[in-house]
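Undergrad: pasting a predicted model and its sequence here:
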Amino acid sequence: GAAAAETVPSPYAGRIGINTHEIWGGESGTLAEFRRLARIGVDDTREGFEWRVLEPQRGRWDWGRSDQLMAAAAQARVEVLPILGSPPAWASNHPDRADRFPPANNSDFANFAKAVVNRYGQGGTFWTSVRPELTPMPLTAVQIWNEPWSDTYWGPLPDPAGYARLVRASGSAVNAAHPEIDVVISGDLLQTGGGGPIRYWIDEVLRADPNLGNYFDVYSVH
């Protein structure tokens, strides 16, 4: 029956990831969802860790959303890849749509990235102090921004050199705090938005900073 089926390892285990948006749920519902996904072989999920939600005011942290997600994921043994982005109004030059623009100061974003890995990385405060009863499932990677090659998420227009600067700042902060955590960046080929001739996104990012490879480990392509 169903109980027996749950004990049979999925042939797809280790090969499937998903994006659930379960960070907006509650722990019990998120746990049930992750356990259902784990039964069919999903053992990785990519989730938006929105800066505007986690640090709505400078220095005032609200970890409720990400805590429930990480607790549920640990219990289901599903690994989480946080997507770090969506600045709060206080960190942006565009407070009316702050979450769709890059931060005013990359050092503020780097501090946010460092806070996330210090909480949820190996030996992080979430595992040692907040939920010590859990078997830890620490972060192994974080992604810097969602679709920075699109004017939907990086306004008013994508800026490969600006993204390279953000990667250098935040990647160096993550590496210094938790060198075991991989830094994931957008490796998409083309930029969208702004019209005009085709722009080759990742070529321009890497050309802007020839040493950028020292600050990231993995490309993400949508």
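TA: Happy to help now that I have it.
Undergrad: may I have the longest helix seen in the chain exported as PDB, CA atoms only?
TA: When the chain is parsed with DSSP state H, its longest helix is helix 160-177. The C-alpha trace of helix 160-177 is given here as PDB (Å, rounded to 0.1, in the frame of the first residue of the first chain):
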ATOM      1  CA  PRO A 160      26.200  43.500 -16.300                       C
ATOM      2  CA  ALA A 161      29.000  45.500 -14.700                       C
ATOM      3  CA  GLY A 162      26.800  46.400 -11.800                       C
ATOM      4  CA  TYR A 163      25.900  42.800 -11.300                       C
ATOM      5  CA  ALA A 164      29.600  41.900 -11.300                       C
ATOM      6  CA  ARG A 165      30.200  44.400  -8.500                       C
ATOM      7  CA  LEU A 166      27.300  42.900  -6.500                       C
ATOM      8  CA  VAL A 167      28.700  39.400  -7.000                       C
ATOM      9  CA  ARG A 168      32.200  40.400  -5.900                       C
ATOM     10  CA  ALA A 169      30.900  42.100  -2.800                       C
ATOM     11  CA  SER A 170      28.500  39.400  -1.700                       C
ATOM     12  CA  GLY A 171      30.600  36.500  -2.900                       C
ATOM     13  CA  SER A 172      33.600  37.700  -0.900                       C
ATOM     14  CA  ALA A 173      31.400  38.100   2.200                       C
ATOM     15  CA  VAL A 174      29.900  34.600   1.900                       C
ATOM     16  CA  ASN A 175      33.400  33.100   1.200                       C
ATOM     17  CA  ALA A 176      34.900  34.800   4.200                       C
ATOM     18  CA  ALA A 177      32.100  33.600   6.600                       C
END
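Undergrad: packing partners of that helix?
TA: helix 106-120, strand 141-144, strand 182-186, helix 201-208 (3 or more Cβ pairs under 8 Å, 6 or more residues apart in numbering; DSSP states H and E). All C-beta spots, glycine's among them, are computed from the backbone N, C-alpha and C.
Undergrad: tabulate those (TSV), appending mean pLDDT.
TA: Converted to TSV, those look like this (pLDDT from 0 to 100):
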stretch	mean pLDDT
helix 106-120	98
strand 141-144	98
strand 182-186	98
helix 201-208	97
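Undergrad: among those, which comes closest to residue 42?
TA: Of all the helices and strands packed on helix 160-177, strand 141-144 sits nearest to residue 42, with 16.5 Å by Cβ to Cβ.
Undergrad: what does that closest one contact?
TA: 46, 81-85, 113, 116-117, 166-167, 170-171, 174, 181-186, 216-218, 220 (Cβ atoms under 8 Å, 6 or more residues apart in numbering).
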